[in-house]
Structure formats: structure tokens, C-alpha cells
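Asker: one predicted model, sequence on top.
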Amino acid sequence: MRVELNRFRIKRGKSDRVDEWMKTLNDRRNECLATLERERMYVEVIFRERTSEDEFLYWFSIQGEDAEPIQTSAHAIDRTHLEFWAECIDSEYGPRECDPQLVLLQKGVAQAIGWEGG
């Protein structure tokens, strides 16, 4: 099981496109949900931060180890997602990964996803 929090910087001048990206994902929520099983994605949350100089997207996820990558997906929404990503995410900045220090899951949730982390 992977528990991750990653931060990605948005390219300057792409804030409006990120608005469109997040609106697209929210408007096509059912399509997004349909991709989760093949990705072994149990939880996926996207946060946004705006500072005085930069803007960031954060991805929090709990995902199974044997997940299929988004790049091999047959789902149209995944292709749309990757197109927005390529346009809006500053790849030179790279992801900033945070190391989980504590993971607490209610017993029933842990059992449902096969969590053995305690």
C-alpha cells in the first residue's frame, strides 16, 4: 500500500487552465471514479495552494502497490487529465514528496482496502 502526498508547481500563467482542469475533473466525476479500480486507488484528493509568488497542486492518495499507471489507461478522462498535466505542471520543478509519519485508518476502512500497516 502506498500513502503519498506530492506537491507540484503550476506553470506561471496557467492558473485559468488549472481552473478548467479541476472543473473538468469535477464535471466528469463519474468517469474519474471509473478509473480508480484499475489504478487500485482507494483515496485520491487534489488540493490547491496559492502563495504570493507561486501556485501548487497537491495530490494525496492511498493506492495499492500493483496499480496500473495512468499512461496505459483506456479511459478518455485519463488522456484529458494527462493533457492538462503536460500543459500546466512545471516539470522542471519536479514533484516534492512528503514522507508520511503517521497513518490512521478506521478498522473497517483498513480491512476493506487490505491495509496491514497497523
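Answerer: Sure thing, it's come through. If you're wondering where the values come from, they're calculated on a predicted model, not measured in any experiment.

Asker: what about the strands in the protein?
Answerer: 2-9, 41-50, 55-63, 96-98 (DSSP state E).

Asker: can you tell which of the ones you listed is closest to residue 26?
Answerer: Among these, the nearest to residue 26 by CB to CB is strand 41-50 (9.8 Å). Yep, even glycine has a C-beta here, placed from its N, CA and C like the rest.

Asker: just checking, what packs against the closest one?
Answerer: Judged by 3 or more CB pairs under 8 Å, 6 or more residues apart in numbering; DSSP states H and E, strand 41-50 is in contact with helix 15-27, strand 55-63.

Asker: check which residues of it are buried.
Answerer: For strand 41-50, the neighbour count (16 or more other CB atoms under 10 Å) marks 41, 42, 44 as buried.

Asker: show me what the last one is bridged to.
Answerer: It refers to residue 44. residue 61 (DSSP bridges).

Asker: test my guess that it contacts residue 60.
Answerer: Yes: taking contacts as CB atoms under 8 Å, residue 44 lies within contact range of residue 60: 7.4 Å.

Asker: quick one on the thing from earlier: any chance of the helices and strands packed on strand 41-50 in TSV, plus mean pLDDT, mean neighbour count and distance to residue 86?
Answerer: Compiled in TSV, these are given as follows (pLDDT from 0 to 100; neighbours: other CB atoms under 10 Å; distance: least, CB to CB, whole Å):
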stretch	mean pLDDT	mean neighbour count	distance to residue 86
helix 15-27	97	13	11
strand 55-63	96	17	14
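
Asker: got those as CSV, with distance to residue 88 columns?
Answerer: Converted to CSV, the helices and strands packed on strand 41-50 look like this (distance: least, CB to CB, whole Å):
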stretch, distance to residue 88
helix 15-27, 5
strand 55-63, 8
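
Asker: looking at these, which is nearest to residue 84?
Answerer: With CB to CB as the criterion, residue 84 lies closest to helix 15-27 of those, at 4.0 Å.
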